[in-house]
Each structure stands twice: as structure tokens, then as C-alpha cells.
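# Would you be able to build a 3D model of this:
(chains A, B, C and D)
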Number of protein chains: 2
Amino acid sequence: MEGGFQPIRKRRLSDEVTLQIRARVAAGELRPGDKLPAERDMADMFGVSRGAVREGLRALEHAGLVELLQGTKGGAFISDGGNSAIGEHFRDKYYLGGISLVELTEARLWLEALVVRVATERASEADFDALEANVDEAERLLKAKRYVDKIDVHIAFHILLAEATGNAVLMTLMSALMEVMHDFAHAAGGERHDLTIRARRKLLQAMRRRDADAAVDAMTKHLIELQHRYRDVVRKGIPNDATSAR
Amino acid sequence: MEGGFQPIRKRRLSDEVTLQIRARVAAGELRPGDKLPAERDMADMFGVSRGAVREGLRALEHAGLVELLQGTKGGAFISDGGNSAIGEHFRDKYYLGGISLVELTEARLWLEALVVRVATERASEADFDALEANVDEAERLLKAKRYVDKIDVHIAFHILLAEATGNAVLMTLMSALMEVMHDFAHAAGGERHDLTIRARRKLLQAMRRRDADAAVDAMTKHLIELQHRYRDVVRKGIPNDATSAR
DNA sequence: AACCTCAATTGGTCGAACCATTAGATCAAG
DNA sequence: CTTGATCTAATGGTTCGACCAATTGAGGTT
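Sure thing, here's the model as predicted:
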């Protein structure tokens, strides 16, 4: 039943370290850019070994909360928390079999439609300029036959779109999904046609007209095409980029 | 310009460890439940110190990829990757000031609407039963004046809803957002009225009719009310639960 | 059968030493 | 005066070896 016991949680020392630092951050005492004491000093202050402090710091580093720099004037600095941690998580889950490709693409489609809808409502001139510039860049790379480089520019487009919504949560989510898609896109290889570019010009036109339905439609159609490509890629072998990329 | 140099990435030994293990997972050689060799053995195999291996394992543990158990028959086991890592990330970002409460609630509203829409389409009888049971449980707790316990049941409702979509990505995202909301909900305290419960009965009715618009409407209205509560709470002081909960 | 005890295994912690990297100071050469 | 080499101190990165703590299971005791 409900009113039960709590599972006993024993904390490791390093977890205690992360908790205390997180608490300082949550309390507003530590702000991005601030520097933490040296590992050796913190070990003294906490009354634990340096190794324990290190493990705690490394955990925070992986979480994107601190950045560890070497050398004099180095140390642990509070960062603004990057987005890569979440992407990594999804990637792991995919490879673990916890989520399937269809779920991933399905969710992406929904999320992307949402982003387009909101962005169409809110995008500023500056946002449009950035998006336009991105497509131009992609076109330039296509003409230069730099197909692989083009992939990353195309991915950046989606991030820019999310930024145009002005909502940091959406940006984070989109960044995470794009990180996973990055694997598939590179496995599929750079496209040698301009379908994507044309689809985006059309999308931008609709957005400029503030025609959300048309914009969502353009994006959706294009994504569905892409998904067929990815599906074929996966059939031929699950991409395994874990060793190289980062 | 584009054709630039790559920033030199130097890897720490522990990162090398995580990479190799992740690669094994990505290649399908390691499946959830599998056990990794003992730290001491891995240290020998990798040719590094045990400390380096430990740091790598701890990183994977925090990412939810492995679970570390003590004692004989203990060791590092591949897990299915929990959802808490992402939630933690959002929480950090919030406290770091990277995302605001309005962005959070706004994104939640969008996501929740999406979930309701999809769930209305796809929910099975079993899903409805689970949702119904959840609301019953909440009502029981309300009558027993166990307001704090009720909070968690209410939160679980949203997770159940996401599960009804059958999409693991949505479940993960919702779990993450709920983890953040958990802080606010507990800071606001358990409600002593049955508005939430009534709203949910109404929502479930609409879903059973497969009336997505009505369902979304019910959910949205209720959430907006809640948001006003949270906003007031935050005005009185940012909740800082980092020290206690986990 | 129930319980205790002990040993083996494995993660958790410690401490001291040393290596590697970096920023800045100092100095030398041009 | 600029450029570059060299040294120095600070700090993270790594190693080793030891010991502690938790868990399991075997074996013995009651």
C-alpha cells in the first residue's frame, strides 16, 4: 500500500559533494562563471579524500553544471549547463533498445510541428535572417559538393528554429533530439539534391506570411520523406558512431 | 569561415573507459542486465588505474547506463537507463537561470496538450483503468487528509498519461518535466480541495469519448490554474529542495 | 529448520606521491 | 620593443597500495 517505508538510500561521499554544490547553486550562491575552490582545498573543507571530491566534480561536469580546466588559473567553474547531456541520454536509450527509431521520429515530428507553429507566431526579423542565412550556407555547400558539411548546417537549421520560439526548454529538447538525429544523418550521408533547401525556402515563406498551418505542413512533409531514408539506413545496419563522434 | 581547424580534444582516461563501454552497448554486445567485469579486472584490461575505471563507471552510472552494486555478486550492471538524468538536467538549468519558470510552464503546457491529444487517440482500456485507479487513489488520500502524499499521486497521473501514448520519448520527456514540477508542487504544498480530481474525471470522460479537443481543453484549463499557484510560490521564495530530496 | 559465524568478493574510501597542462614571470635574442 | 625561450607555481589527471564496508553464500551450531 501507499504509506510504506522509504527505500534506504545510502549516499556515497561523492554524491554528498555534488549535493552540497548543487544546493549552493540552487540557493543562488553560485552563479555561472564562479570558480570553486581547488580540489585539494575542497577535500579539506569537506573532510573527505581528494578522490571523493573528484568523483563529485566529474559527475557535475558530466551533468554540464561545472567545467573543469587544467593548469594554474584552472579549476572547477560553474557553467551554464550545456545541452549535450540530454542528447547523450537519448542516444544511450536508443542503443539500449529502450526507444525505437519509430518512436524517435514520431516524437520528433510532433515536437518539430510544435516548434514551427510557435516560431511562426514569434519569429523576429533577426530570426528570419538567421534562418535565411543558414539555408544560403547550405546551398553554397551543396554547390561546392561539400555534402558532409551540409549535414551539420541542416541540423543547425532546426536549432535556429527552436531558438526563434524564444523558449529555452524547446531549444534544449530540440538540441537533444538533433544530437541523436546527427548519428542517423551522418550514417545516411549528405544528400546531393536540393529538395531540403527548396522545402526550407517554402517553409520560410509560409512563416513570413505567419501562416502556421502551411509552415507546419511544409515541415511535416519534408520530415516524412527524410524518415524513409533513415529507415532504410537502419535496415542496412544500426549506425554505431559511439567511438568516433563527440 | 567553415573549413577551419578542429579544436583539439584530449580525452581523459576515464572518458576513454566510458567510450569503450558505450561502444559495446551501441554495438549490441552489452544488453541491459549484463554484468561488467570487476573494477580491478577492468583496470587490468584497460591498462589504467582502478581510479580511472571508477570515474568512468560513475559517469555511466549518473547517465543511467549502468548500476553499481556492492558486495559479492555485486558489480556494474548495464541498466535500461532511467529517466532521472534528464530531469536533473532541467532542474540544474532552472536554478542556474538558464530557463525561467514561464518557459518551463509554457513548454509543459504545450507538451502536455500534445500528450493528451495522442493519448486520447491511443489509450487502451488498461490505460484508462490505470488512470482511473490513480484518480481514485488521489481521492482516497484527500479524504484521509494525506495531502502531501497526494502530490506524488497527482504527478504520477501525468506519467501514466504519457505512457498511454505508447511513445517512450514522450514518456521520458514528461518524466523529466514532472521531476522539475515536483519541486514546485511540494513547495506549494498539497491542495486541500478536489478541483484537480474533478478536472481529471472530466478529462478522462472526454478521452473515453475520444474527444481530443475537449480533453486538451480540460487539461489546459486545469494547468493554467495550477500555474498561478506556482507563480505565487516562487514569488515568495525559490524552492530549494536540492539538499533533501533524492 | 532456524540461526550464527566466517570467508570471499566487490564496491567505497583514503592518502601520498608523481605526471601533465597552463598562466604568468623572467630573461635573452633580435 | 617585440618575439620567443625558459622557468615556476598552481591545478587538474593518474597511479598505487592499503584498508573499510556491504553482501552473499557456505558451513557449522543449536
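# how about the helices of chain A, start to end?
Taking DSSP state H, the helices of chain A run over residues A:13-26, A:39-46, A:50-62, A:84-96, A:101-122, A:125-143, A:147-164, A:168-188, A:195-208, A:212-236.
# So residue A:37 is in contact with residue A:43, correct?
No: using C-beta atoms under 8 Å, residue A:37 makes no contact with residue A:43, being 9.4 Å away. All C-beta atoms are positioned from the backbone trio N, CA, C, and that covers glycine.
# More neighbours: these two, which one.
residue A:43 (18 against 13; other C-beta atoms under 10 Å in any protein chain shown).
# Next one: residue A:10 from residue B:55, what distance?
In this view, residue A:10 and residue B:55 are 20 Å apart by C-beta to C-beta, to the nearest Å.
# Compare the two and say which one has the larger neighbour count.
residue B:55 (25 against 6).
# what pLDDT does the closest residue to the more buried one other than its chain neighbours get?
Distances taken as C-beta to C-beta, 6 or more residues apart in numbering or on different chains put residue B:14 closest to residue B:55, at 3.6 Å, once the chain neighbours are dropped. Note for residue B:14: predicted pLDDT of 93.
# next one: residue A:154
93.
# Can you report how many residues lie near residue A:103?
Neighbour number of residue A:103 under other C-beta under 10 Å is 20.
# need the contact list for it.
Listed by C-beta atoms under 8 Å, 6 or more residues apart in numbering or on different chains, the contact set of residue A:103 reads B:167-169.
# Just give me the closest of the residues you listed to residue A:179.
Proximity of those to residue A:179 was ranked by C-beta to C-beta; the top entry is residue B:169 with 13.3 Å.
# any idea how far that closest one is from residue B:103?
Taking C-beta to C-beta, one finds residue B:169 at 20 Å from residue B:103.
# again, but for residue A:143
Following C-beta to C-beta, the distance that separates residue A:143 from residue B:103 is 39 Å.
# same question, residue A:185
Residue A:185 is 28 Å from residue B:103, by C-beta to C-beta.
# Show the low-confidence segments of chain A, by residue range.
A:1-9, A:233-246 (pLDDT under 70).
# can you list the residues of it near DNA strand D?
Within reach of DNA strand D by C-beta under 7 Å from any atom of the strand, chain A has these residues: A:10, A:36, A:38-40, A:50-51, A:54, A:57-58, A:68-76.
# Quick check on those residues: which are buried?
Among the residues of chain A next to DNA strand D, those scoring as buried are A:36, A:39, A:54, A:57-58, A:68, A:75-76 (criterion: 16 or more other C-beta atoms under 10 Å in any protein chain shown).
# which one of the residues you listed sits closest to chain B?
Nearest to chain B among these, counting by C-beta to the nearest C-beta, is residue A:58 at 5.5 Å.
# residue contacts, that closest one?
Counting by C-beta under 8 Å, 6+ apart, residue A:58 has contacts A:68, B:14, B:55, B:58-59.
# if we go to 6 Å?
residue B:55 (C-beta atoms under 6 Å, 6 or more residues apart in numbering or on different chains).
# now residue A:165
A:115, A:118-119.
# DNA strand D: which of these is nearest?
residue A:115 (35.7 Å; C-beta to the nearest atom of the strand).
# Pull the number of nearby residues for the residue nearest to residue A:191 when sequence neighbours are not counted.
Nearest residue to residue A:191, sequence neighbours excluded (C-beta to C-beta, 6+ apart): residue A:147, at 6.8 Å. By other C-beta under 10 Å, 13 other residues sit near residue A:147.
# do the same with residue A:163
Residue A:163 - counted by other C-beta under 10 Å - has 20 other residues nearby.
# Skipping its backbone neighbours, what lies nearest it in space?
residue A:171 (5.7 Å).
# do the same with residue A:121
residue A:212 (6.7 Å).
# Wait, the one you found touches residue A:116, no?
No: Residue A:212 is beyond contact range of residue A:116, at 7.3 Å (criterion: C-beta atoms under 6 Å).
# of those two, who's got more company?
Set residue A:212 next to residue A:116 and count neighbours by other C-beta under 10 Å: residue A:116 wins out with 28 against 17.
# where's the more buried one relative to DNA strand C, distance?
41 Å (C-beta to the nearest atom of the strand, to the nearest Å).
# which residues sit in contact with that residue?
Contacts of residue A:116 (C-beta under 6 Å, 6+ apart): A:215-216, A:219.
# Then residue A:151?
Counted by C-beta under 6 Å, 6+ apart, residue A:151 has contacts A:185, A:190.
# picking up where we left off before, what would the helices of chain A look like in CSV with distance to residue B:163?
Formatted as CSV, the helices of chain A follow (distance: least, C-beta to C-beta, whole Å):
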stretch, distance to residue B:163
helix A:13-26, 29
helix A:39-46, 40
helix A:50-62, 28
helix A:84-96, 15
helix A:101-122, 12
helix A:125-143, 35
helix A:147-164, 26
helix A:168-188, 19
helix A:195-208, 33
helix A:212-236, 24
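# Is stretch A:175-186 in proximity to chain B?
No: using C-beta under 6 Å from any C-beta of the partner chain, stretch A:175-186 stays clear of chain B, with a minimum separation of 8.1 Å.
# Using CSV, lay out the contacts of residue A:103 together with distance to DNA strand C and neighbour count.
Shown next, in CSV, are these (distance: C-beta to the nearest atom of the strand, whole Å; neighbours: other C-beta atoms under 10 Å in any protein chain shown):
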residue, distance to DNA strand C, neighbour count
B:167, 33, 24
B:168, 28, 20
B:169, 30, 27
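# Now for residue A:190, how many residues are close by?
Residue A:190: 17 neighbours (other C-beta under 10 Å).
# That one contacts residue A:146, correct?
No: the criterion here is C-beta under 6 Å, and residue A:190 misses it with residue A:146 at 7.9 Å.
# From chain B, how far off is the residue in chain A that DNA strand C sits nearest to?
The minimum distance from chain A to DNA strand C, using C-beta to the nearest atom of the strand, falls at residue A:71 (2.3 Å). Distance of residue A:71 to chain B, computed by C-beta to the nearest C-beta, to the nearest Å: 12 Å.
# Over to that residue: give its phi and psi.
For residue A:71, the backbone dihedrals are phi 90, psi 170 (criterion: degrees, to the nearest 10).
# got the residues of chain A near DNA strand C?
Counting by C-beta under 7 Å from any atom of the strand, chain A sits next to DNA strand C at A:12-14, A:43, A:47-52, A:55, A:69-74.
# how about a cut-off of 10 Å?
A:10-17, A:39-40, A:43-44, A:46-56, A:69-74 (C-beta under 10 Å from any atom of the strand).
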